[in-house]
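S.K.: Kindly return the folded structure for what I paste below:
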Amino acid sequence: MAFASAGEISLTDSHSLILEELKGAVGPDYVSDDPAIMQAYSRTGWAYGRKNQRRPGSIVLPSCTEEVQAVVRIANRFKIPFIPIGSFLHWSCQASQPETIIIDMKRMDRIEKIDAKNMFALIQPFVTYTQLQAEAMKRNLWLPVPSSGGNTSALANHIFCGSHFAMHRIPYYARGILGVEWILPTGEIVKTGSAGQDDDYFWGEGPGPDLRGLMRGYGGPLGGLGVITKMAVRLYPWPGPEVFPCKGVSPKKEFDFPANLYKPHLAVFPTTQQAVNAMYDICRAEIGIALTLVNNSMALASATRSKEEFQSLLKAFTSMPEFLLFISFEFSPGVVEYEKKVLEKIVKENQGRFLPEQVIDAFRDAIPESIRSAVSMRVTNPAGGYDVYRSWAESMDNLLSQLDLAKKLVSEKHGDLIYFYYLNPIELGHYGHVEIGILYDPLTQIDTALNCQNEGLEQDVEMKIYVTGSTGGANRILGPAYSNYHLLLKKVKMELDPNNLSNPPYPIET
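M.R.: Numbers count the residues shown, from 1 in each chain. Reported below is the predicted structural model:
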């Protein structure tokens with residue numbers, strides 16, 4: 001097939017030529033420009049995505065690295081944007097320009113290797129946490145599911161965000177990236193870490209180049225610096241059964257963990273500061289497999305069976321304090337009982353109290369489900385629309401003042417929105433992560449949700465706090481307040497993506 005020159009014809013006229021080139025690269029069955037399919041890819045579920053819809057030019061589903069590379073080269077030849085997508089959750093997955101090629105990685109869903117001895121897995125882009133966790137548990141290993149849910153792409157989540165409910169013992173996922181195979185925006189392939197030496201992905205720092213700082217972080221490049229087609233990720237010891245003991249269909253699931261193997265605890269404290277002090281003590285004691293603090297709306301959303309039940313209970317429990325959730329597993333004989341005694345001492349010293357067993361029974365399904373799938377669908381659905389309002393990483397003490405200001409802003413200016421939050425200690429309490437979500441009606445409150453987020457961002461700039469997950473235009477707004485980091489980010493983007501084709505305007509407009 002003779003390649004056409006994009007400079008000789010208009011972008012509109014070249015559409016059919018682009019489609020033929022893509023079909024030649026991945027096969028005719030895996031390329032589409034059908035209007036109905038394009039509409040399905042025109043937005044995500046978040047407020048910004050609902051508000052700013054644009055149909056892409058075409059969708060391609062490659063099956064291997066070579067096909068992805070061919071698609072990227074076609075995009076460069078015709079000077080049209082491309083966007084690699086994993087779970088298609090974030091608004092950055094949406095096209096921002098005409099003729100954009102969406103590279104959907106659904107067909108690249110293989111776990112290529114699980115090395116039980118060295119505790120890592122080599123995965124393709126569409127391997128989900130549920131898929132990886134199920135296979136890892138058969139080898140007494142696991143990877144906690146992030147707050148976005150078990151259906152999330154594990155590879156994509158290691159680059160973007162990667163927070164989970166076991167971060168006091170297991171690092172957030174950007175720290176778990178080992179070697180990768182990376183197609184740059186221009187089409188060249190780079191292998192990092194040990195993969196650059198002999199195609200073995202077990203180590204991220206060498207002897208090949210270690211470029212993980214360009215691809216990872218709380219926000220990551222959002223597809224703006226090319227396509228990661230393989231990644232080795234760390235796995236961690238799993239003390240539970242090889243098959244997660246779950247049966248039934250959501251929301252009526254049953255979990256059958258042996259009593260001596262698994263024990264959840266729920267505690268409440270007079271103040272959030274006392275709860276945080278208890279979390280510091282738990283981290284110093286190095287106990288538990290999961291630890292998080294959630295407010296009443298998030299706890300109720302995870303346990304209720306319907307939107308009506310959630311709304312009813314939320315009105316009844318407006319003054320309910322935060323829940324501290326602690327989960328213990330039997331790594332060796334006596335661990336569950338030992339950790340219970342240590343936890344009881346810590347809760348008492350911080351003037352907290354444990355909730356009775358009948359309350360824990362009400363959360364019987366939700367607590368194990370937080371390990372298996374993070375109960376994300378229950379938490380984000382009660383109002384029909386959900387967005388992350390604010391997300392920060394700081395010392396847990398500093399997070400409290402930021403959290404108070406954010407709650408005040410939502411309550412006073414947007415009282416018709418429901419908000420929830422969770423606070424996780426990271427790496428034995430050396431710092432923490434707070435995420436505040438807002439629930440809204442997608443038919444009537446999209447503008448309210450967007451205004452709330454923009455006002456929160458302005459508040460963050462004024463406070464000069466470490467904002468996580470900043471994207472696109474947010475980097476330009478935040479940059480001047482943070483040592484002009486946006487200028488360095490722009491240089492990186494221009495160097496690696498000289499044609500500005502890899503998901504513009506991410507990670508920053510040039």
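S.K.: Quick check: the gap between Asn381 and Ile367.
M.R.: Computed as C-beta to C-beta, to the nearest Å, the Asn381 to Ile367 distance reads 19 Å. Using the backbone N, CA and C atoms, a C-beta is placed for each residue, glycine as well.
S.K.: Repeat that for Gly49.
M.R.: For Gly49 relative to Ile367 (C-beta to C-beta), the value is 31 Å.
S.K.: ok, Asn499 - contacts?
M.R.: Asn76, Lys79, Pro185, Thr186 (C-beta atoms under 8 Å, 6 or more residues apart in numbering).
S.K.: which of these are buried?
M.R.: Buried subset of the contacts of Asn499 (neighbour count, 16 or more other C-beta atoms under 10 Å): Asn76, Pro185, Thr186.
S.K.: Next, count neighbours for Gln311.
M.R.: Counted with other C-beta atoms under 10 Å, the neighbours of Gln311 add up to 15.
S.K.: got a list of what it touches?
M.R.: Taking C-beta under 8 Å, 6+ apart as the criterion, Gln311 is in contact with Pro382.
S.K.: so where is the stretch 301-450 of the chain shaky, pLDDT-wise?
M.R.: Confidence mapping of the stretch 301-450 of the chain against pLDDT under 70 gives the ranges 362, 364-366, 374-375, 377.
S.K.: What sits closest to Ala299 if chain neighbours are left out?
M.R.: Spatial nearest neighbour of Ala299, chain neighbours left out: Phe323 (4.9 Å); criterion: C-beta to C-beta, 6 or more residues apart in numbering.
S.K.: That neighbour contacts Leu291, correct?
M.R.: No. With contact defined as C-beta atoms under 8 Å, Phe323 does not reach Leu291; the gap is 11.6 Å.
S.K.: who touches stretch 26-40?
M.R.: With contact meaning C-beta under 8 Å, 6+ apart, stretch 26-40 is reached by 15, 19, 22-23, 55-63, 67, 70-71, 107.
S.K.: Can you flag which of the residues you listed belong to strands?
M.R.: Among these, the members falling in strands (DSSP state E) are Ser58, Ile59, Val60.
S.K.: between the residues you listed, which is nearest Gln274?
M.R.: Ile59 (51.5 Å; C-beta to C-beta).
S.K.: Just grab the bridge partners of that closest one for me.
M.R.: Counting by DSSP bridges, Ile59 is bridged to Ser32, Ile102.
S.K.: tell me the contacts of it?
M.R.: By C-beta under 8 Å, 6+ apart, the neighbours of Ile59 are Val31, Ser32, Asp33, Ile37, Met38, Tyr41, Ile101, Ile102, Asp104.
S.K.: Buried ones among the residues you listed?
M.R.: Neighbour counting by 16+ other C-beta under 10 Å classes Val31, Ser32, Asp33, Met38, Tyr41, Ile101, Ile102, Asp104 among these as buried.
S.K.: Distance check, Pro62 against Asn500.
M.R.: According to C-beta to C-beta, Pro62 and Asn500 sit 22 Å apart.
S.K.: out of those two, which sits in the more crowded spot?
M.R.: Pro62 (28 against 17).
S.K.: hang on, the earlier thing: from the buried ones among the contacts of Asn499, which ones fall inside helices?
M.R.: Asn76 (DSSP state H).
S.K.: Let me know the closest of the buried ones among the contacts of Asn499 to Pro505.
M.R.: Closest to Pro505 out of the buried ones among the contacts of Asn499 is Pro185 (13.5 Å), distances taken as C-beta to C-beta.
S.K.: pretty sure the closest one contacts Pro221?
M.R.: No. Taking contacts as C-beta under 8 Å, Pro185 lies outside contact range of Pro221: 10.0 Å.
S.K.: For the stretch 301-450 of the chain, just list every one of the strands.
M.R.: Counting by DSSP state E, counting those that start in this stretch, one finds strands in the stretch 301-450 of the chain at the ranges 323-329, 353-354, 385-394, 418-426, 431-440.
S.K.: could these go into TSV alongside mean neighbour count and distance to Glu495?
M.R.: Below are the strands of the stretch 301-450 of the chain laid out as TSV (neighbours: other C-beta atoms under 10 Å; distance: least, C-beta to C-beta, whole Å):
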stretch	mean neighbour count	distance to Glu495
strand 323-329	23	44
strand 353-354	15	55
strand 385-394	22	27
strand 418-426	22	31
strand 431-440	23	31
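S.K.: how about a markdown table for those strands, with distance to Gln273 added?
M.R.: Putting those into a markdown table (distance: least, C-beta to C-beta, whole Å) gives the following:
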| stretch | distance to Gln273 |
| --- | --- |
| strand 323-329 | 13 |
| strand 353-354 | 16 |
| strand 385-394 | 15 |
| strand 418-426 | 12 |
| strand 431-440 | 13 |
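S.K.: Spatially nearest residue to Gly187 (excluding sequence neighbours)?
M.R.: Using C-beta to C-beta, 6+ apart and skipping the chain neighbours, the partner closest in space to Gly187 is Arg73 (4.3 Å).
S.K.: Would you mind identifying the next helix or strand past the helix or strand that the one you found is a member of?
M.R.: Counting by DSSP states H and E, the element that carries Arg73 is helix 65-78. Sequence-wise, the next helix or strand downstream of helix 65-78 (DSSP H and E) is strand 82-85.
S.K.: So which other helices or strands are in contact with that next one?
M.R.: The contact analysis (3 or more C-beta pairs under 8 Å, 6 or more residues apart in numbering; DSSP states H and E) places strand 82-85 against helix 65-78, strand 101-104.
S.K.: so where's the chain shaky on pLDDT?
M.R.: Along the chain, segments meeting pLDDT under 70 span 1-13, 208, 217-218, 250-252, 362, 364-366, 374-375, 377, 466, 468-472.
S.K.: What residues are bridge-paired with Tyr422?
M.R.: Here Tyr422 shows beta-bridge partners Val294, Glu435, assigned using DSSP bridges.
S.K.: so how far is Ser370 from it?
M.R.: 10 Å.
S.K.: just to revisit the earlier point, tell me the one of the buried ones among the contacts of Asn499 nearest Glu337?
M.R.: Checking the buried ones among the contacts of Asn499 against Glu337 by C-beta to C-beta gives Pro185 as the nearest, at 54.6 Å.
S.K.: residues contacting the closest one?
M.R.: Shown in contact with Pro185 (C-beta under 8 Å, 6+ apart): Val72, Asn76, Leu225, Gly226, Leu496, Asp497, Asn499, Leu501, Ser502.
S.K.: Switch those residues over to JSON lines; also include distance to Asp441 and secondary structure.
M.R.: Listed next are these as JSON lines, based on distance: C-beta to C-beta, whole Å; DSSP: H, G, I helix; E, B strand; the rest coil:
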{"residue": "Val72", "distance to Asp441": "40", "secondary structure": "helix"}
{"residue": "Asn76", "distance to Asp441": "42", "secondary structure": "helix"}
{"residue": "Leu225", "distance to Asp441": "36", "secondary structure": "coil"}
{"residue": "Gly226", "distance to Asp441": "38", "secondary structure": "coil"}
{"residue": "Leu496", "distance to Asp441": "41", "secondary structure": "helix"}
{"residue": "Asp497", "distance to Asp441": "38", "secondary structure": "coil"}
{"residue": "Asn499", "distance to Asp441": "41", "secondary structure": "coil"}
{"residue": "Leu501", "distance to Asp441": "37", "secondary structure": "coil"}
{"residue": "Ser502", "distance to Asp441": "35", "secondary structure": "strand"}
